[in-house]
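Visitor: Sequence below, structure please.
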Amino acid sequence: MDIKNEKQILTAKVLTNIMEAESFEQYYTTNKEVFNAPSLKQHLADLLSNKEISLARLFRDLDIEKNLGYHIFSGKRNLTRDNALKLALGLSLTIDETQRLLLISENSELYAKIPRDAAVLYSLCHNLGYRETQNTLYNLEINILGENVSADTNK
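Guide: Numbering: from 1, shown residues only. Predicted structure coming up:
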């Protein structure tokens, strides 16, 4: 069984256990280990540790303002969804790694039926970089990463 399927089974089991619990308080106090996720700061450090790129270079390549980038990596600022996607592309993350980064940073996961998300999913799957992804979005008249996107826009 691969790791992804194992995690899905574990998540399904946790959901079943939550629904069957007498109370959430009781479930939570006896199962705190289920809720242990790394902090965003630790997760970003772990992702970066396997890459041979400096933070300054990464921020420059991804059009992330340097001070903002350092604040994100030090845990002083939240990671926006667009900056998480920029990092995913810049660090050549897999789709699963990207979805986990989005969850840990408390952002919504990529959704294949949203054109912008679909373009990012395609880029991640085909190992396309940040600039190529931005060009694709721009050419298709879809908001590029870093552009303000209203909540009700599917572009």
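Visitor: And the helices in this structure?
Guide: Assigned by DSSP state H, the chain shows helices spanning 3-20, 24-30, 40-49, 55-61, 66-73, 81-90, 95-104, 115-125, 130-139.
Visitor: Single out the most deeply packed of those helices.
Guide: For those, the largest average neighbour count (mean count of other CB atoms under 10 Å) is found in helix 81-90, namely a mean of 23. C-beta here means a position set from N, CA and C on the backbone, and glycine is covered the same way.
Visitor: before we move on, the earlier item: residue 145: which of the helices of the chain is closest?
Guide: helix 81-90 (4.7 Å; CB to CB).
Visitor: circling back: export the helices of the chain to JSON lines and tack on mean pLDDT and distance to residue 147?
Guide: Below are the helices of the chain laid out as JSON lines (pLDDT from 0 to 100; distance: least, CB to CB, whole Å):
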{"stretch": "helix 3-20", "mean pLDDT": "72", "distance to residue 147": "32"}
{"stretch": "helix 24-30", "mean pLDDT": "89", "distance to residue 147": "39"}
{"stretch": "helix 40-49", "mean pLDDT": "93", "distance to residue 147": "23"}
{"stretch": "helix 55-61", "mean pLDDT": "95", "distance to residue 147": "18"}
{"stretch": "helix 66-73", "mean pLDDT": "96", "distance to residue 147": "16"}
{"stretch": "helix 81-90", "mean pLDDT": "97", "distance to residue 147": "8"}
{"stretch": "helix 95-104", "mean pLDDT": "95", "distance to residue 147": "18"}
{"stretch": "helix 115-125", "mean pLDDT": "98", "distance to residue 147": "10"}
{"stretch": "helix 130-139", "mean pLDDT": "97", "distance to residue 147": "9"}
